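**Student:** turn this into a model:
(chains A and B)
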2 protein chains.
Amino acid sequence: MQDLTTSEVYSLGIVSAVCLAILFNAFQSNGEPLYASLAIGGLAFSFSYALIQWTGDVFVRRGYKGRDLSKKTRPEIPEAMGLVSALVYLLAIVSFLPFAFKRDIVAVTSGGGNKDLRLDIEDIENGRFLHRFPLEKVGHLHAALHNLASYGFAYGTLASITILGILDDSFDMRWRHKFFIPAFAALPMLALYFVDFGVTHVVVPLPLRPYFGELVDLGILYYLYMAAISIFCPNSINILAGINGLEVGQSLVIACLIILNDSLYLLPTVQQPHPAADSHLFSIYLLLPFVGVSLALFRHNWYPSKVFVGDTYCYFAGMLFAVVGILGHFSKTLLLLFIPQIFNFVYSAPQLFGLVPCPRHRLPRFNARTGLMEPSVATFSEEKPLIPIVGQVLKLLHAFKLLRIVQDEQGRVVESTNFTIINLWLVWRGRLREDRLATELLVMQTVVGLVGLWIRHKLALLMFTVDNRF
Amino acid sequence: MQDLTTSEVYSLGIVSAVCLAILFNAFQSNGEPLYASLAIGGLAFSFSYALIQWTGDVFVRRGYKGRDLSKKTRPEIPEAMGLVSALVYLLAIVSFLPFAFKRDIVAVTSGGGNKDLRLDIEDIENGRFLHRFPLEKVGHLHAALHNLASYGFAYGTLASITILGILDDSFDMRWRHKFFIPAFAALPMLALYFVDFGVTHVVVPLPLRPYFGELVDLGILYYLYMAAISIFCPNSINILAGINGLEVGQSLVIACLIILNDSLYLLPTVQQPHPAADSHLFSIYLLLPFVGVSLALFRHNWYPSKVFVGDTYCYFAGMLFAVVGILGHFSKTLLLLFIPQIFNFVYSAPQLFGLVPCPRHRLPRFNARTGLMEPSVATFSEEKPLIPIVGQVLKLLHAFKLLRIVQDEQGRVVESTNFTIINLWLVWRGRLREDRLATELLVMQTVVGLVGLWIRHKLALLMFTVDNRF
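**Tutor:** Numbers count the residues shown, from 1 in each chain, chains lettered A, B, ... in the order given. Sure thing, here's the model as predicted:
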């Protein structure tokens, strides 16, 4: 068991103490759940930071380990440690529930200080409560119950993706089986949507209204759309990976951008209560603890990595984004924050679907002499030839600087950089040290995401009648 | 991959086809969820039966395997295969949700045929629905939402115990760490209870009312009581184990007895709608698919076992019983169905807590010559001596036929049968073949459970004013 350093013990101890004080206060005062959520995020950070440190050896002993090929010494470090973050996250969300609902439900039903509600002995014996409250409170309680169900199913979905992540990290699964794994985990959320929301109408953009009307009922297509998002988000994070800190880093960027977007609906300058405020609070409450556990993992996973995160973390993060996007009704906005991942997915497709020969690993190549990262390449030989027309396309991509190829004397393409955004970045920027590469990619992602949000809120008016923020 | 035999393929195919037809019909007709639940149970049986057969090899390859020490050849078979049942179960529960709530929520909110509800374009854009329904439906919708939240958190709790079960089966954990594992998984359920039920009053039995009044508020003690049940149920099943078929068999007996008890509240002879009917339907809907997946596992795990079930299954089963007992408000009745497990737990305590030396394994001993099972023993030597007073107690237990000991010439206890109900049964009944032993234990458990239920419904009137069934 690896111990924490003294300074780590002090820092984590202080963070935890402050957060506990905030929590205690929040519970006493029926205060804002937002403070409680922040405090739980802080506790989740401290706890997972320490737990990752403590349990690394256990993971290695049980065979969850891997070599970091982008270092001179190729050190062997624990693998799949994002599992710790996922477990702490689940614990954090459950701990948050009493704070989220204390005012709304507990006060109404348990009779604590609420004299409108009398408990009768038959009620206890028969287990029937909850049906004598003042009528004006019904709507409020209703929304709270509805919300409570969402937390339950969100938790169930995230616990399910954790199970499937563990199985994926434990059993070696083929890529084509793995790809659909997240769809199973998304089922609780889809079932909740069917039962509780059930709305499959979408608003038609202005230019198309003459043809389709204002609303179109997508019916079962809408469920397929939600399933597709649940499959895409986890997988797209999982394949934009391979250098220290990138999996957790990109998840943190997305989480922070979603929180930023959520905040736009909750600002005092927006007319309150905004009808979508509840959805965005739900999103913030789910994301703050995630930022906590991810920051802890990021500290351990950043260059030079002391641990690997594993598929569990990538699936978990992607599924969490799908959950808040779908249950929070902002799945289109969510996709704007996935632009680099979408690009990487589309760009990867020729290799993923076998149009271009794909080597076992596509992560960039570490040059031990310079200590820098270079684009990795796929080579095409007599045994693994390139279809001629594909070769022409590669030459075109090369001309547009979207690829780098090597041709032989006859003009045949014999080598090309692998089709990932990471390699493409190295084609554009030249050799980079691993941490520099990760930083640049994360900055790029942040900028693209901010532009995406700007487009969504400023330009939405051109396509729809209103931006729902106002 | 092990294929199914032709007759298995036909039987499973027919079962599945019939169940699918029932499901299709149930969905079309807004019919009784009970039929849908039965059909899903049948599908869950077929699916997990086939999946266990197909994936056994994969488990063995990944190191999940164990030797069956109670056979002459000591065959090596897959271990922890209850995981398959747990996963199929989770899938089954999610599939059931649309049937459970189709009439109650979907019809009210999605506007399908319900013209009271109009969807406005702003509602879609703002994500606000669900607040314009006829007032008389409010109470009904309310109960349904409440119920929906229960399903969500029940699912979350069961998914959590599955995660912890996998970790327990993957990492070798110490007994004293394992013991409290289920408490973590129970947190979602306890949080739901706090938020949504919040009632910690219990009805005082008649003889005690002069001292305590009709109702006593146990407050935090009530949460400790629920946590204790959540810890006890999974662990007590996990330690009543070691012979082919016993873990699954005892879980099936308990599940069927709970379903029997639930049915008592739903009979046409009982005044309907009975106030506790919803809780008991909830319990039945959760248990029927469990019976399905468990029967499939039982077929593979019964003597001579082709697979072991693992801690995952025991935890999962125990936690499911805790969930239906607690959220269904019949935790005391539940404990009556755990009498053999409670006896075994109390009886085991001297060894579990180190009062009597405890060997690594306490399962009964297989006599390769006779092919029969005999009680296994713990021996006490100079190095592992018995405290004298404990020796006196063992002699007393021996006299009451609650143990079998061997004494040396000085009258010191040098050997005793291990403290489990399985060994005790062999002390009483003599040598038995393994399947005979398992059958007798299961019959005993069924009889004890039926007597428990009889006591609960007939004698409850002596302790409380009413039996809540009438």
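**Student:** now do the helices in the stretch 301-450 of chain A.
**Tutor:** Along the stretch 301-450 of chain A, the segments classed as helices by DSSP state H, counting those that start in this stretch run A:310-327, A:331-336, A:339-352, A:388-399, A:421-429, A:434-458.
**Student:** contacting residues around A:H300?
**Tutor:** A:49, A:52-53, A:81, A:306-307 (CB atoms under 8 Å, 6 or more residues apart in numbering or on different chains). C-beta here means a position set from N, CA and C on the backbone, and glycine is covered the same way.
**Student:** let me fix that, I meant to ask about A:I237.
**Tutor:** A:247, A:250-251, A:314-315, A:317-318, A:341.
**Student:** ok, A:H361 next?
**Tutor:** When contacts are counted by CB under 8 Å, 6+ apart, A:H361 is found next to A:242, A:376.
**Student:** before we move on, the earlier item: of the helices of the stretch 301-450 of chain A, flag the one that's most buried.
**Tutor:** Among those, helix A:310-327 has the highest mean neighbour count (mean count of other CB atoms under 10 Å in any protein chain shown), at a mean of 28.
**Student:** now for it, which elements pack on it?
**Tutor:** Judged by 3 or more CB pairs under 8 Å, 6 or more residues apart in numbering or on different chains; DSSP states H and E, helix A:310-327 is in contact with helix A:82-101, helix A:138-170, helix A:181-192, helix A:220-239, helix A:246-264, helix A:277-301, helix A:331-336.
**Student:** now that helix: average pLDDT?
**Tutor:** Averaging pLDDT along helix A:310-327 yields 96.
**Student:** what's the angle between that helix and helix A:246-264?
**Tutor:** Calculated by axes from the mean of the first three to the mean of the last three CA atoms, to 10 degrees, helix A:310-327 forms an angle of 20 degrees with helix A:246-264.
**Student:** quick one: helix A:310-327 to helix A:82-101, angle?
**Tutor:** Using the same axes, to 10 degrees, one finds that helix A:310-327 and helix A:82-101 are set 30 degrees apart in direction.
**Student:** if we can go back for a sec, which one of the helices of the stretch 301-450 of chain A lies nearest to A:V377?
**Tutor:** Taking CB to CB as the criterion, helix A:421-429 is the member of these that comes nearest to A:V377, at 8.4 Å.
**Student:** just the C-alpha atoms of that closest one, please, in CSV.
**Tutor:** What follows is helix A:421-429, C-alpha atoms only, in CSV (Å, rounded to 0.1, in the frame of the first residue of the first chain):
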residue,chain,number,x,y,z
ILE,A,421,-6.9,13.5,-34.2
ILE,A,422,-3.8,13.0,-32.0
ASN,A,423,-1.7,11.9,-34.9
LEU,A,424,-3.2,14.7,-37.1
TRP,A,425,-2.2,17.2,-34.5
LEU,A,426,1.3,16.0,-34.6
VAL,A,427,1.3,16.2,-38.4
TRP,A,428,0.3,19.8,-38.1
ARG,A,429,2.5,20.8,-35.1
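**Student:** out of everything not next to it in sequence, what's closest to the residue in the stretch 101-250 of chain A that chain B sits nearest to?
**Tutor:** When CB to the nearest CB is the measure, the stretch 101-250 of chain A has its nearest residue to chain B at A:G152, with 2.4 Å between them. The spatially closest residue to A:G152, leaving aside those adjacent along the chain, is B:G152, at 2.4 Å (CB to CB, 6 or more residues apart in numbering or on different chains).
**Student:** who are the contact partners of the one you found?
**Tutor:** Going by CB under 8 Å, 6+ apart, B:G152 touches A:148-153, A:155-156, A:188, A:192.
**Student:** pLDDT-wise, which helix or strand of chain A ranks last?
**Tutor:** The helix or strand with the lowest mean pLDDT-type score in chain A, counting by mean pLDDT, DSSP states H and E, is helix A:121-126 (a mean of 44).
**Student:** direction included, what does the longest strand along chain A pair against?
**Tutor:** In terms of residue count, the longest strand belonging to chain A (DSSP state E) is strand A:413-417. Strands adjacent to strand A:413-417 in the sheet, as given by DSSP bridges, are strand A:377-379 (antiparallel), strand A:405-407 (antiparallel).
**Student:** how many residues are close by the closest residue to A:N423 other than its chain neighbours?
**Tutor:** What sits nearest to A:N423 in space, not counting adjacent residues and going by CB to CB, 6+ apart, is A:P375, at 4.1 Å. The local packing of A:P375 (other CB atoms under 10 Å in any protein chain shown) involves 22 other residues.
**Student:** quick check, A:P375 in contact with A:V406.
**Tutor:** No. Counting by CB atoms under 8 Å, A:P375 sits too far from A:V406 to count as a contact (11.5 Å).
**Student:** what's in contact with stretch A:51-59?
**Tutor:** A:1-4, A:8, A:65, A:77-81, A:84-85, A:88, A:296-297, A:300, A:306-307, B:171.
**Student:** what comes up buried for it?
**Tutor:** Of the residues in stretch A:51-59, those buried by neighbour count under the rule 16 or more other CB atoms under 10 Å in any protein chain shown are A:51-53, A:55-56, A:59.
**Student:** just stretch A:291-310 next, same as before
**Tutor:** Of the residues in stretch A:291-310, those with enough neighbours to count as buried (16+ other CB under 10 Å) are A:291-303, A:305-310.
**Student:** just stretch A:359-374 next, same as before
**Tutor:** Under the neighbour-count criterion of 16+ other CB under 10 Å, stretch A:359-374 has A:362-366, A:372-374 buried.
**Student:** tell me where the model's unsure across the stretch 101-250 of chain A.
**Tutor:** Within the stretch 101-250 of chain A, the stretches with pLDDT under 70 are A:103-139, A:198.
**Student:** now do 50
**Tutor:** Judged against pLDDT under 50, the low-scoring parts of the stretch 101-250 of chain A cover residues A:110-136.
**Student:** thinking again about what came up before, let me know the angle separating the longest strand of chain A from helix A:388-399.
**Tutor:** Angle of strand A:413-417 versus helix A:388-399, following the same axes, to 10 degrees, is 50 degrees.
**Student:** who touches strand A:413-417?
**Tutor:** By CB under 8 Å, 6+ apart, the list of residues contacting strand A:413-417 reads A:356, A:375-381, A:386, A:391, A:394-395, A:398, A:403-408, A:423-424, A:426-427.
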